[in-house]
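> Test case, fold it:
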Amino acid sequence: MTRVGVDMIEIGRIREALERYTGFRDRCFTAAEQAYCDARKNPAQHYAARFAGKEAVGKALGLGVARLFAWRDIETREVEVGREEA
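Prediction:
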């Protein structure tokens, strides 16, 4: 069986969470994700994309993220289009 998960989130909600909750960044994102996002011009945009990706994984697996695994158990990465990562 093949499943697909899709998720969208408002960038403003993630921006607010990053500003208001000191533990949000460390609870939800790996060190590599934080380094990538924090190095960008609009970090909240990149954090939002990664958060939505993690939610989509949970949906594709048929359970919510918190029920099946921790947020940091999933890591999103940038790869060049058309290039497979080993």
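> mind listing what's buried in the top helix by length along the chain?
When the chain is parsed with DSSP state H, its longest helix is helix 43-60. Taking 16 or more other CB atoms under 10 Å as the basis for neighbour counts, the residues of helix 43-60 that come out buried are 43-44, 46-59. (C-beta placed from N, C-alpha, C; glycine too.)
> what's the farthest-apart pair in the residues you listed?
Taking CB to CB as the measure, those span a maximum distance of 24.5 Å, between 43 and 59.
> circling back: chain center to the longest helix of the chain, what's the gap?
Between the mean C-alpha point of helix 43-60 and the mean C-alpha point of its chain there is a distance of 3 Å (CA atoms, centre = their mean, to the nearest Å).
> tell me what it is packed against?
The criterion is 3 or more CB pairs under 8 Å, 6 or more residues apart in numbering; DSSP states H and E, and the helices and strands that helix 43-60 contacts are helix 11-20, helix 24-28, helix 31-38, helix 65-68.
> Mind doing that once more with 6 Å?
When contacts are defined as 3 or more CB pairs under 6 Å, 6 or more residues apart in numbering; DSSP states H and E, helix 43-60 packs onto helix 11-20, helix 31-38.
> any chance of these in JSON lines, plus mean pLDDT, mean neighbour count and distance to residue 70?
Formatted as JSON lines, those follow (pLDDT from 0 to 100; neighbours: other CB atoms under 10 Å; distance: least, CB to CB, whole Å):
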{"stretch": "helix 11-20", "mean pLDDT": "95", "mean neighbour count": "14", "distance to residue 70": "17"}
{"stretch": "helix 31-38", "mean pLDDT": "96", "mean neighbour count": "16", "distance to residue 70": "13"}
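> Mind putting the ones you listed into CSV with distance to residue 75?
Conversion of the helices and strands packed on helix 43-60 to CSV gives the following (distance: least, CB to CB, whole Å):
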stretch, distance to residue 75
helix 11-20, 17
helix 31-38, 6
